[in-house]
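Enquirer: what follows is a predicted structure for the sequence shown.
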Amino acid sequence: MRTTQLLVGLVSAATLGAHGLRVIQSNDDGWAELYVRSFHDALLASGHNAVLSGPAENRSGTGSTDSEPSPRTSPCQYDSCVPSSAPIGTNLTSPRLNWVNSFPVTAMRYGISTIGPQLWHGAAPDLAVAGPNVGSNLYLQVHFSGTVGAAVYAAKTARIPAIAFSGASSGTLAWNTNPVPVRSTVYAQLATKLVNALTAGGKPYLPEDVWLNVNFPEVNEECNQVGDFKWVLSRINVGVFSQPDAQICGKTRLPTETEVILKKGCYVSVSVGDAADKSTADAERQAVVARRLTRLLECLP
Ligand SMILES: *[C@@H]1O[C@H](CO)[C@@H](O)[C@H](O)[C@H]1NC(C)=O
Ligand SMILES: *[C@@H]1O[C@H](CO)[C@@H](O)[C@H](O)[C@H]1NC(C)=O
């Protein structure tokens, strides 16, 4: 009996150890947008030590712009902060929730350097995540997306493994929308599932200078539970003149993100991005990610 209890204790401690990551979160739709809040809740429920540092307002389409935050004279998005406030603010009853009055990259930068470490006894994040973005970030959109910008900043400049998530089902939702629509919960659970799959084998979670660009298809009558969705390795840009991709599913050319998420059957695209220029990473780094995610990935029919 006692041995069993001890074993159970050890097993749950080990599970928590594998999952209890310090995760910094940002987005570009704003800190008070529901998608990022549902993801925050899902990360906490999965045992992670998540901290949100998002822009005070919707700053979609601002790419990699970064500038020092300034004081506010108007309320934050959806009236989520008081009209006159400092450049950076916290939800006083939930200090894990923070806003920065600037761009997505700036919010990620402060999250990594200051806001996260304040809540983690000075430690740095293990992982940086951006989104889920309200709407897809495919191919050419990748270059303008603030969600991608924040993830790429983390991977390239701060050297923190990073993932950008986007969901095709759009329509803005305030953080306190009640009840929470299925699309917000499902995207949050899918994103958490990928975080757990990627980090299960320990560090390093990703090769150097790499970020993952993950796009969820629409949530609809056929695709509305985590188990409905299948994961496919993809590339960001069309690969006609590019070097061969990693050999996957018997081919050396991966499908594009657009092909994956538009295919009938609830397919999620996972691209290995090169943080140096937001293009598709080379075959070698694709293969490293494919090995990490072996149990998750499927072939596109
Ligand atoms: C943010 O603004 C962009 C346009 O600039 C719009 O397309 C998008 O829906 C907005 N997102 C939210 C969450 O308000
Ligand atoms: C702040 O946190 C409290 C407690 O979790 C929550 O009820 C409230 O909705 C939050 N407000 C914002 C704007 O995050």
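Expert: Now that the structure is in, tell me what you want to look at. Ligands and ions are numbered 1, 2, ... in the order given.
Enquirer: CA atoms for contacts and neighbours, from now on please.
Expert: Fine.
Enquirer: and the residue nearest to Gly131 when sequence neighbours are not counted, what does it touch?
Expert: Spatial nearest neighbour of Gly131, chain neighbours left out: Asn27 (4.5 Å); criterion: CA to CA, 6 or more residues apart in numbering. Asn27 makes contact with Val36, Gly54, Pro55, Pro104, Ala130, Gly131, Pro132, Asn133, Gly146, Thr147, Ala150 under the criterion CA atoms under 8 Å, 6 or more residues apart in numbering.
Enquirer: could you tell me how many residues sit around the third one?
Expert: Read that as Pro55. 30 (other CA atoms under 10 Å).
Enquirer: heads up, I number from 626, so please use that
Expert: Let's use 626 as the start, then, which means that last one is Pro680.
Enquirer: how near is it to Val725?
Expert: With distances taken as CA to CA, to the nearest Å, Pro680 is found 5 Å from Val725.
Enquirer: anything in contact with each of those two?
Expert: Common contact partners of Pro680 and Val725 (CA under 8 Å, 6+ apart): Ala732.
Enquirer: per-residue pLDDT, His768?
Expert: Note on His768: pLDDT of 90.
Enquirer: how about the contacts made by the nearest residue to it once chain neighbours are set aside?
Expert: Leaving aside its sequence neighbours, His768 sits nearest to Gly688 (CA to CA, 6+ apart; 6.2 Å). Each residue near Gly688 by CA under 8 Å, 6+ apart is listed here: His768, Phe769, Ser770, Gly771, Thr772, Val773, Gly774, Ala775.
Enquirer: among those residues, which one has the most neighbours?
Expert: Counting by other CA under 10 Å, top hit in the contacts of Gly688: Val773 with 38 neighbours.
Enquirer: that residue and Ala755 touch, don't they?
Expert: Yes. The criterion here is CA atoms under 8 Å, and Val773 meets it with Ala755 at 7.2 Å.
Enquirer: shared neighbours of those two, anything?
Expert: With CA under 8 Å, 6+ apart as the test, Val773 and Ala755 both reach Ala789.
Enquirer: how many other residues sit next to the residue in the stretch 776-925 of the chain positioned nearest to ligand 2?
Expert: At 6.0 Å from ligand 2, Asn801 is the closest residue in the stretch 776-925 of the chain, using CA to the nearest ligand atom. The tally of other residues near Asn801 (other CA under 10 Å) stands at 13.
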